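# A structural model of the following input is requested.
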Amino acid sequence: MKNIVPWAIAGLLACASAGCYWAYYQEAADKKQLELQLAELTQKERHSMVVQRISTQMEEIAREQQIISDEQRKEAEEQSIVANKMRLQAEQEQHKALEAEHQARLSERKAVDASGLAEQQRQLAVERQHEAEYSRSVADTLSYLSMARSLGSLAVTQLNTGNEEIASILAYAAYTYTKRYHGDVYMPAIYEALALTSGNSKRWTIGRGSIMKTIEQQKDKSSFIAISTYGQITKNTMLNGQLQSKTILADSRYDFRDLLLGDDDKIFALSYNGHLLSGQPGQLVDYPLTGANNCFRLFRFNKEYLTVVSEQCVYLIDANTMKTVKTLPLNFKTHVAGEKRDMLCLFDEKGQMYTVNENLTKITQQALPFRQPIMSYTYQWATGKEAYGTCDGVIYLRDNKGTLSKLVGHRSRVSRVKFAGDLLYSTSYDGTVRFWNINSEKIEPMTILKSNQWVICFAVDDTKNFIWTGDQKGSVNQTMISVDLMAEKVHNNLKRDFTAEEWSYYIGNNVPYESFKAKRP
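Model (predicted):
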């Protein structure tokens, strides 16, 4: 028992000791915890103090920013007020500017209108000045052209009285003024004055009987072939201003009425008694047409066939074999024939017209707007115009619309008519050769040649400067038809100028004196 008590006491003491230690340990732990809490609280207090200080500073900064913001707001409000004032002022200034611009535009428009009106007035003044100048120019031109016509008429009068020298000066003066003022040098007064004073025609006798036709050769333009009613065929060549004739055939059995030249100048000559000669010069072959008589015209509508016209029959001839292919008997008597495009035109003694197609399969009678015997006929392909020469010298001109013009100038039978561009040439038994400007308002005849022989035929040469005519006495005339060449010839033959007295008498003192003998520009 005694042993247990000590151990019990020792146990109790140990327990007490342990309890005391645990209490001490717990107190120390609590103390440490308190110290930690105190330190934490102290740290928090310090942090809180820092935060508080920062917050205080932020509040102060915020107050300062608020103050600054209030100041800036006030300044912005003041600036807005100023801006509004400036905007209002700008709008007022803009309105003033727009008003000023509008007034400027109005002023500019008024200025432009005034300027336009002034320009219109200036242009009107210029136009009236030009009109006045033009009227004065027209008046001067007409005055000079009228004077030129008077000079031409005076030239013819002086020539008829034998005063050739004065006539030549007057004729060249008439040409000069007409040319200078762009007049028509083919007016009768001008043309005839030059034609007569230039001595524009030469005549040669090349055979016997009437010269029925002349044709210029294709290879040699200086030569032409001529036929006569006395059975003569001649080749005629111009050398140094003279005509040299060479007889190809002279046989009185033939009475040649028409002539054609084929390729290589092959001759086709038709005789009135129904003989057709063909071949090269010196190699002509006679091809008589069976039953043919009174043959007077020869045509070639194409290379294959020839068409022969007699008074009461038409023959279609093969151009290679010279054999008759077809005949067309006529129930009327024809004495004049012509060609119109691809048709043959025939005229009887009563003034009736008939057309025949080239194959001789159809013949049609056509009415003419006049009732006179026709002696000659021609047709112009380019314009469709037709010309009819009558027995009493009248020529009827009809255009493609049927409009008919009566041309009066010849005094006897019109033997030939032919178009050449704007001109119509005609020959007559009255001994004259004339041409007509068919596009002029008033168609007047201009005399190219005056002769005391019947003019049977004519041909214009390739240069269009000369016309060859044949007459009833076996003669041919070469007549210059170029106005400029005639004027040049007259000028070259002038021996002097007008004297002062002559100038005053013929020209007038209101026209400045000039030399016509001097070379013209």
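# residue 413 contacts residue 394, correct?
No. Assessed by Cβ atoms under 8 Å, residue 413 is found out of contact with residue 394, at 10.4 Å. C-beta: built from backbone N, CA, C; applies to glycine.
# which residues in this structure form helices?
In the chain, the helices defined using DSSP state H lie at 4-160, 164-180, 188-198, 483-492, 500-506.
# adding mean pLDDT and distance to residue 398, write the ones you listed out as JSON lines.
Shown next, in JSON lines, are those (pLDDT from 0 to 100; distance: least, Cβ to Cβ, whole Å):
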{"stretch": "helix 4-160", "mean pLDDT": "75", "distance to residue 398": "30"}
{"stretch": "helix 164-180", "mean pLDDT": "92", "distance to residue 398": "31"}
{"stretch": "helix 188-198", "mean pLDDT": "89", "distance to residue 398": "23"}
{"stretch": "helix 483-492", "mean pLDDT": "92", "distance to residue 398": "28"}
{"stretch": "helix 500-506", "mean pLDDT": "88", "distance to residue 398": "43"}
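# residue 280 is nearest to which of those?
Smallest distance to residue 280 across these (Cβ to Cβ): 34.1 Å, for helix 483-492.
# mind listing what's buried in the closest one?
Within helix 483-492, the residues scored as buried using 16 or more other Cβ atoms under 10 Å are 483, 485-491.
# what of stretch 329-347?
Across stretch 329-347, burial judged by 16+ other Cβ under 10 Å covers 330, 334-340, 343-347.
# span of that stretch from start to end?
End-to-end distance of stretch 329-347 (Cα to Cα, to the nearest Å): 15 Å.
# centre of the chain to that stretch, how far?
Stretch 329-347 sits 38 Å away from the centroid of its parent chain (Cα atoms, centre = their mean, to the nearest Å).
# got it, and stretch 228-235?
The gap between where stretch 228-235 is centred and where its chain is centred comes out at 46 Å by Cα atoms, centre = their mean.
# cool, stretch 237-248 as well?
Taking mean C-alpha positions (Cα atoms, centre = their mean), stretch 237-248 and its chain are 42 Å apart.
# what's in contact with that stretch?
Outside stretch 237-248, the residues that touch it by Cβ atoms under 8 Å, 6 or more residues apart in numbering are 202, 204, 206-207, 220, 222-223, 225, 232-236, 267, 281-282, 284, 476, 478.
# sort out for me which of these are in strands.
Counted as lying in strands by DSSP state E, out of the contacts of stretch 237-248, are 202, 204, 223, 225, 232-236, 267, 476, 478.
# mind checking which of these are buried?
Those of the ones in strands among the contacts of stretch 237-248 that meet the buried threshold are 223, 225, 232-236, 267, 476, 478, by 16+ other Cβ under 10 Å.
# biggest separation within those, which pair?
Maximum distance among these (Cβ to Cβ): 21.9 Å, for 267 and 478.
# so how many other residues sit close to residue 42?
Residue 42 sits with 10 neighbouring residues when counted by other Cβ atoms under 10 Å.
# for residue 452, see how far away the nearest residue to residue 153 once chain neighbours are set aside is.
Leaving aside its sequence neighbours, residue 153 sits nearest to residue 189 (Cβ to Cβ, 6 or more residues apart in numbering; 5.1 Å). According to Cβ to Cβ, to the nearest Å, residue 189 and residue 452 sit 24 Å apart.
# between these two, which is the more surrounded one?
For residue 189 versus residue 452, neighbours defined as other Cβ under 10 Å are more numerous around residue 189 (19 against 7).
# what's near enough to touch that one?
By Cβ under 8 Å, 6+ apart, the residues touching residue 189 are 148-150, 152-153, 156, 174.
# now a PyMOL select for only the buried ones of these.
In PyMOL, a selection of the buried entries from these looks like this (16+ other Cβ under 10 Å):
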select buried, resi 148+149+152+153+156+174
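# I'd like the helices of the chain as TSV, with distance to residue 211 appended.
Output for those, formatted as TSV (distance: least, Cβ to Cβ, whole Å):
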stretch	distance to residue 211
helix 4-160	28
helix 164-180	30
helix 188-198	22
helix 483-492	24
helix 500-506	41
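# the ones you listed: which one's closest to residue 271?
Checking these against residue 271 by Cβ to Cβ gives helix 188-198 as the closest, at 35.8 Å.
# could you measure from residue 215 over to residue 453?
In terms of Cβ to Cβ, residue 215 sits 21 Å off from residue 453.
# and which of the buried ones among the ones in strands among the contacts of stretch 237-248 is nearest residue 439?
Distance to residue 439 across these (Cβ to Cβ) is lowest for residue 478, with 27.0 Å.
# pop out the phi and psi values for residue 402.
Per-residue torsions, residue 402: phi 90, psi 0 (degrees, to the nearest 10).
# quick one, what contacts it?
Residue 402 touches residue 369, counting by Cβ under 8 Å, 6+ apart.
# do residue 149 as well
So residue 149 contacts 174, 178, 187, 189-190 (Cβ under 8 Å, 6+ apart).
# if you set the cut-off to 7 Å instead, what comes out?
187, 189-190 (Cβ atoms under 7 Å, 6 or more residues apart in numbering).
# any weak-confidence spans in the stretch 401-521 of the chain?
519-521 (pLDDT under 70).
# about what we covered before: a markdown table for the contacts of residue 149, including distance to residue 256?
A markdown table is the format used below for these (distance: Cβ to Cβ, whole Å):
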| residue | distance to residue 256 |
| --- | --- |
| 187 | 38 |
| 189 | 40 |
| 190 | 39 |
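# what is the nearest of these to residue 300?
Of all these, residue 187 has the smallest distance to residue 300: 38.2 Å, by Cβ to Cβ.
# and that closest one, how far from residue 410?
Taking Cβ to Cβ, one finds residue 187 at 19 Å from residue 410.
# okay, those two: which has more neighbours?
Legend: neighbour count by other Cβ under 10 Å for residue 187 and residue 410, higher for residue 410 (24 against 20).
# what's the closest non-adjacent residue to that one?
residue 393 (3.5 Å).
# residues contacting the one you found?
If you count contacts by Cβ under 7 Å, 6+ apart, then residue 393 has 410-414, 428, 430 around it.
# mark which of these are buried, thanks.
The neighbour-count test (16+ other Cβ under 10 Å) marks 410, 412-414, 428, 430 as buried among these.
# switch those over to TSV; also include distance to residue 84.
Below are the buried ones among the contacts of residue 393 laid out as TSV (distance: Cβ to Cβ, whole Å):
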residue	distance to residue 84
410	108
412	114
413	114
414	108
428	110
430	112
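# which one of the residues you listed is nearest residue 358?
Nearest to residue 358 among the buried ones among the contacts of residue 393, counting by Cβ to Cβ, is residue 414 at 26.4 Å.
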